[in-house]
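**Student:** quick one, structure for this:
(one chain, ligands or ions: 1)
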Amino acid sequence: MNYSFRKKNKIVKYIVLHYTGMKTLGLAYQKLSDIKSNVSIHYLISRNGIIYNLLCPKYKAWHAGHSKWKRNVNINDFSIGVELENKGHDFGYSNYSNKQYTSLKKLIYFSKINFHILDENIIFHSDIAPNRKLDPGEKFFINKIEINRFSNKRKKNKYSIEEMLILYGFHKSYIKKYKKFCIIAVKRSLNYKIINSSISKKFINDFYNLLFY
Ligand SMILES: [Zn+2]
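**Tutor:** Numbering: from 1, shown residues only. Got it, this is the predicted structure:
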């Protein structure tokens, strides 16, 4: 069995976005519905915008693996998982289709109402497992689904990179252990074309604007 029951004290508050990272939709569907694969997902959205509901969100799907976000660990316990069809960085990473964005926007709209999920809790696999995961990646534009993840109030004039990484939402242990990977994950969120861990003035400025405006 590749799903489990949610524990009563672990309520759904996140939506985690992924890409399939497989050559075809058929292969991805097969894997995500195969009880022997040890992975599963609630929703899969094809390039032509069809939403496949593979598992009822009241059950826990196995999509995030080892993961931490803010003060939570094992994000599967707290989340709905959505896979977007895309070959991914290994097999030919492409832009997401407009139909995918339209369907995702609708799906998130209804999930937010049903589960009282906040915009700031629409998160990426690369955020919650920055040392292992790249998805949905730098070609995913969150403004296309009209989600505003960050609206932090500015409390002082200058913030260190570590402070900004905490405000972004990374778990403290990840910032300590995988700071470079956290920087890379932020660059994907910022839709940078060149992804590396260097910290330029432009990056600091872009990161700041992402968090506070
Ligand atoms: Zn993923």
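
**Student:** state which helix of this structure is the longest.
**Tutor:** helix 98-115 (DSSP state H).

**Student:** contacting residues around the helix or strand following that one?
**Tutor:** Using DSSP states H and E, the next helix or strand after helix 98-115 towards the C-terminus is strand 122-124. Here strand 122-124 makes contact (C-beta atoms under 8 Å, 6 or more residues apart in numbering) with 14-17, 69, 75, 108, 135-136, 140, 142, 145, 147, 149, 169, 185, 188-189. Using the backbone N, CA and C atoms, a C-beta is placed for each residue, glycine as well.

**Student:** and the contacts of the longest helix of the chain?
**Tutor:** Taking C-beta under 8 Å, 6+ apart as the rule, helix 98-115 contacts 11-13, 15, 17, 43, 45-51, 57, 80, 82, 84-85, 117-119, 122, 141, 144-147.

**Student:** ok, now how distant is the spatially most central residue of the chain from the ion?
**Tutor:** Centroid-nearest residue in the chain: residue 124, 1.2 Å away (criterion: C-alpha atoms, centre = their mean). Distance, residue 124 to the ion, using C-beta to the ion, to the nearest Å: 8 Å.

**Student:** same check, this time on residue 162
**Tutor:** 26 Å.

**Student:** can you confirm that residue is in a helix?
**Tutor:** Yes. Assigned with DSSP: H, G, I helix; E, B strand; the rest coil, residue 162 falls within a helix.

**Student:** report the contact partners of the nearest residue to it once chain neighbours are set aside.
**Tutor:** Distances taken as C-beta to C-beta, 6 or more residues apart in numbering place residue 175 nearest to residue 162, at 6.1 Å, with adjacent residues excluded. With contact set as C-beta under 8 Å, 6+ apart, residue 175 has these partners: 162, 165, 166, 182.

**Student:** again, 10 Å this time
**Tutor:** Neighbouring residues of residue 175 by C-beta atoms under 10 Å, 6 or more residues apart in numbering: 130, 161, 162, 163, 165, 166, 168, 181, 182, 183.

**Student:** what subset of those is buried?
**Tutor:** Buried members of the contacts of residue 175, scored by 16 or more other C-beta atoms under 10 Å, are 130, 161, 165, 166, 168, 181, 182, 183.
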